[in-house]
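1. After the sequence you'll find the predicted model.
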Amino acid sequence: MTISTKNPVDTGTEKSFGTRPARQVLVGIPASPGLVMGRAFQVASREITVVEEDIPESRVQAEEQLFRRAVTRTSKEISQIKEISETRTGVHDSLIFSTHLMILQDPGLMNGVLKMIREGHKNARWAVHVVLGDYIDKFEKIDSPAMRDKAADLRDLYNRLMSTMDEAEPALEEVSGEDGAVIVAHEILPSFLMALKPGQARALLMDTGGRTSHVAILARSLQIPAVSGLRNVVTAVKPDDTIIVDGSGGLVIVNPNEDDIRRFRERVEVFERQRRELFTMRRLEPMTRDGKYITLHANIELPTEAEKVMDYGATGVGLYRSEFLFLQYSAPTEEEQIEAYRQILDTMAPGPVTIRTLDAGGDKLVSGITATNEANPFMGWRSIRVCLDREDIFCTQLKALLKANTKGNLRILLPMISGLEELRRAKACIRRCSEELEAEGIKSATVKVGIMIEVPAAVVLVDLLAKEADFFSIGTNDLIQFTLAVDRTNELITDMFQPHHPAVLNMIYHTVNAAHREGIPVAVCGEMGSDPMSVLLLVGLGVDELSMTPWSVMATKKIIRSINFEDVRESALAVLQMDDTNSVNGYMYRKYAQTITDLGISSFIGQVGNEVHGDT
C-alpha cells in the first residue's frame, strides 16, 4: 500500500480556499491501493486520422516497406519498454509487453495487412486501421473484462504503428507533466505508464478499466495508487485541481476542503502506526487463544518472491503459479524450469512449497499452447486438460519438478480437477516420470500430490477424490465463480460474487469433512484467505491452511491470534443453517465487526462493514 504525505497543496492552500473550485467526490474501482494527494495532470488521447487510398501497383512495394519498417521499429520500442519494466516491476509484470510482441508477430495480423496492400491496393495506414481495428472490435464485443484488456493491448499497438508510420515522436519519449502529479486520462495504456519517469506519477485516475487490467497490475507493482472505472473523471477534473486519491477504497475527492485534508493526514498517521504494529506479528505463531494452530502460507508468482515470504511471517509457499514461467520463456526448457523451481524450494526449505502445474488457458495466453478461438475460454481447453492432452509439455514440467526437489519439500498441485479419471491420469504421469528418472540413476524424493477444488463437480465427488489425493487446496475465486455462475470481473454483476453464499460455504464444509475423514489437510488459496470475516468462517469450518499474498499474512495472523476456535466453529455451524447471504453477513457483522475493528488493521483490510456485506 502506498501512502504519500508530500503535499503540493500545503503551500498556499489556505489562501486559495476562498476561490477554490467546487468539491466533488467520485467513486470508481480500486485498482491499486494507496492514499495520496496531489495536483491533476490531464493526458489527452491522441487523435488519429486515417484516409483510405487506392494506390497504383507502382506504390505497393513502398507501402509494404512502410508497414514492415513500422513493425520493426515498434518491436524494438516494445522490447525496450519490456526491459524497463523488468527493472522497475519485475519479470512477471513485464510479461504484458511479451504479449504485445506476440500479437505484433502474429501471422494473421501480418498477412492480413500485407494482403490488403498487395491485393486490395490500399495504403498501409488504412490496411492497419482495418485489420487491427477488426481485431479490436472482436475483443471489445466479448462480454469479458479479460478480453477487453486484450482490446486495450491491441489499441496500444495500433497507436504505436500509426505513430511510427506518421513519423511522430518515438513512443519512448518522456511524457511531459509536473513531477509527482495525479495523472488523469480516459484510458492509460501500459506503455504510457512505463514511459513515465519514476516518481512522475503520484496516482492514476481512469474512466475505463478495472482491477484486472494490465495498467492496474503495473500500478500495483510500481506502488502507484490507482482508481479506474470512474466514467467521467476526464470531464470532472480540471488541470491543476487538487485531488485526494484513495486507491484502496476507489474514492477520489476533487478539490478537497479543510476537513478532507485533515482526515487525509490522520489516515496517513494511522497507516504508519498500524504498519509498525503489524510487523511485530511476523515471528509469532498463528494460533487461536484456545490453542488451534492455523498454517499460514504465501502465494507467489516469481521465484525471487520466495525470499520475502518468511519476512512477512509465512512458513511456506501455499501456491506458486508455474504458468508465469511459461509466459516469461514462452516454452521454458527443462533446465530453465529446474532452476526456477529449485530457487523456491531451496530458499523455503524445510518449509513446504506447493507448486501448481501449468494452468494455461482462460486469461493466461501461453504461446503455442493456448487455444485462440474459444467462445468461453474460462471453461474451455485449459489447466489440467491442456496438460493431459500435451503430455510432452506436462512430463517435461514434472521431471523438472522432481529433479528440483532435492530438499524433499515439494508439493505438486493439480489445477481444475473435475473427476477421478483426470487425477489418476495425472498421478500416472508423475509415477512414470519418477520411474524414468530412476532408470537414469536420478533418485527423486517422495512428493505429495494434491488437487485444486475449484469445480463444483470435484465437490460432488470429494469423498472419492480424498481417497486418492494427499491434500486439497480450495481455489475459492473459481469455486465461487463457477458455483454461482458469476464472472467476478464483470462490473454489471460484481455484487452477485458472494464468498459467503450458503452454497459456497456448504461446499467448503463438505470438502473439509471429506478430507478430514481420510486424514488429509485442506488449504484455501483464494482471496477469501485474507478477508477478515472470511478468515473467521474458514477457520470455523475447519480449514487447516490459509494461503495469501505475503503482505496479508501479518494481518491474518493478528486476526487468528485474537479469536477462540470453539467460538468461530460455533458461528460457522450456525451460518450453515442460514438460507441467504445477507443473513450470513449480518450475523457475522453483528458478532465480530467490533472485534476486527479493535485489532487496528483497517489500513490494510478496508472497511469491515463493506467487506462483510459483499461490497469488495
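-> Looks like it came in fine. Numbering: from 1, shown residues only.
2. remind me, longest helix of this protein?
-> Using DSSP state H, we find that the single longest helix of the chain is helix 57-89.
3. other SSEs contacting it?
-> helix 91-104, helix 107-118, helix 124-141, helix 145-165, helix 190-195, helix 214-222 (3 or more C-beta pairs under 8 Å, 6 or more residues apart in numbering; DSSP states H and E). Yep, even glycine has a C-beta here, placed from its N, CA and C like the rest.
4. The closest residue to residue 220 other than its chain neighbours pairs with what?
-> Of all residues not flanking residue 220 in the chain, residue 32 sits nearest, at 4.5 Å (C-beta to C-beta, 6 or more residues apart in numbering). Beta bridges link residue 32 to residue 226, judged by DSSP bridges.
5. Could you check how many residues crowd around residue 32?
-> Other residues lying near residue 32 total 26 when counted by other C-beta atoms under 10 Å.
6. Name all residues that make contact with it.
-> 2, 204, 216, 219-220, 223-226, 247 (C-beta atoms under 8 Å, 6 or more residues apart in numbering).
7. Residue 427: neighbour count?
-> By other C-beta under 10 Å, neighbour count at residue 427 equals 17.
8. Then it would be within a helix, right?
-> Yes - Residue 427: assigned to a helix according to DSSP: H, G, I helix; E, B strand; the rest coil.
9. Can you check what pLDDT the model gives it?
-> Looking at residue 427, its pLDDT is 97.
10. That one: what's it in contact with?
-> Residue 427 neighbours (C-beta under 8 Å, 6+ apart): 449, 468.
11. Now do it against residue 451, distance only.
-> In this view, residue 427 and residue 451 are 10 Å apart by C-beta to C-beta, to the nearest Å.
12. before we move on, the earlier item: report the mean per-residue pLDDT for the longest helix of the chain.
-> 78.
13. Run the chain-centre distance for that helix.
-> Relative to its parent chain, helix 57-89 has a centroid offset of 28 Å by C-alpha atoms, centre = their mean, to the nearest Å.
14. Can you check what angle separates it from helix 214-222?
-> 30 degrees (axes from the mean of the first three to the mean of the last three C-alpha atoms, to 10 degrees).
15. what number of residues lie near the closest residue to residue 186 other than its chain neighbours?
-> Computed as C-beta to C-beta, 6+ apart, the closest residue to residue 186 that is not its neighbour in sequence is residue 207, at 4.6 Å. By other C-beta under 10 Å, the residues close to residue 207 number 19.
16. picking that back up, how far off helix 145-165 does the longest helix of the chain point, in degrees?
-> Using the same axes, to 10 degrees: helix 57-89 against helix 145-165 is 120 degrees.
17. now the strands for the stretch 151-300 of the chain?
-> 181-185, 201-206, 226-228, 242-246, 251-254, 295-300 (DSSP state E, counting those that start in this stretch).
18. returning to what we had before: so the residue nearest to residue 186 makes contact with residue 237?
-> No - contact criterion C-beta atoms under 8 Å: residue 207 and residue 237 do not qualify, at 10.5 Å.
19. Could you look up the SS state of the closest residue to residue 493 other than its chain neighbours?
-> Using C-beta to C-beta, 6+ apart and skipping residues adjacent in sequence, the residue nearest residue 493 is residue 486, 5.6 Å away. Classification of residue 486 by three-state DSSP places it in coil.
20. For residue 486, which residues are in contact?
-> Contacts of residue 486 by C-beta under 8 Å, 6+ apart are 480, 493, 496-497.
21. Can you say which of the residues you listed are buried?
-> By neighbour count, with 16 or more other C-beta atoms under 10 Å, the contacts of residue 486 hold 480, 496-497 as buried.
22. Export these to JSON lines and append columns for secondary structure, distance to residue 571 and pLDDT.
-> Listed next are the buried ones among the contacts of residue 486 as JSON lines, based on DSSP: H, G, I helix; E, B strand; the rest coil; distance: C-beta to C-beta, whole Å; pLDDT from 0 to 100:
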{"residue": "480", "secondary structure": "helix", "distance to residue 571": "20", "pLDDT": "91"}
{"residue": "496", "secondary structure": "helix", "distance to residue 571": "24", "pLDDT": "85"}
{"residue": "497", "secondary structure": "coil", "distance to residue 571": "22", "pLDDT": "81"}
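23. Of those, which is the nearest to residue 526?
-> residue 480 (7.8 Å; C-beta to C-beta).
24. Would you mind giving the helices and strands packed on helix 57-89 as JSON lines with distance to residue 406 and mean neighbour count added?
-> Converted to JSON lines, these look like this (distance: least, C-beta to C-beta, whole Å; neighbours: other C-beta atoms under 10 Å):
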{"stretch": "helix 91-104", "distance to residue 406": "24", "mean neighbour count": "21"}
{"stretch": "helix 107-118", "distance to residue 406": "42", "mean neighbour count": "16"}
{"stretch": "helix 124-141", "distance to residue 406": "44", "mean neighbour count": "18"}
{"stretch": "helix 145-165", "distance to residue 406": "37", "mean neighbour count": "20"}
{"stretch": "helix 190-195", "distance to residue 406": "38", "mean neighbour count": "23"}
{"stretch": "helix 214-222", "distance to residue 406": "31", "mean neighbour count": "23"}
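25. now the helix or strand hosting residue 536: how far from the chain's centre is it?
-> Using DSSP states H and E, the element containing residue 536 is helix 532-540. For helix 532-540, the gap between its own C-alpha mean and the chain's C-alpha mean amounts to 22 Å (C-alpha atoms, centre = their mean).
26. Also stretch 389-400?
-> 26 Å.
27. what does that stretch rub up against?
-> So stretch 389-400 is contacted by 322, 334-335, 337-338, 341, 357-358, 369, 381, 386-388, 412, 426, 429-430, 432-433, 436-437 (C-beta under 8 Å, 6+ apart).
28. Quick one: mean pLDDT over it.
-> 94.
29. For it, buried residues please.
-> 390, 393-400.
30. ok, back up a step: and the furthest pair within the contacts of residue 486?
-> Maximum distance among the contacts of residue 486 (C-beta to C-beta): 12.3 Å, for 480 and 493.
31. Could you report the distance from residue 259 to residue 443?
-> 69 Å.
32. What of residue 59?
-> Taken as C-beta to C-beta, the span from residue 59 to residue 443 is 68 Å.
33. So if I had to pick from the two, which one is more boxed in?
-> residue 59 (15 against 9).
34. need the contact list for the more buried one.
-> Contacts of residue 59 (C-beta under 8 Å, 6+ apart): none.
35. and what of the one 10 residues further on?
-> Residues in contact with residue 69, defined by C-beta under 8 Å, 6+ apart, are residue 164.
36. Direction included, what does the lengthiest strand in the chain pair against?
-> Using DSSP state E to define each element, the chain has its longest strand at strand 34-42. Under the criterion DSSP bridges, strand 34-42 sits next to strand 2-3 (parallel), strand 181-185 (parallel), strand 242-246 (antiparallel) in its sheet.
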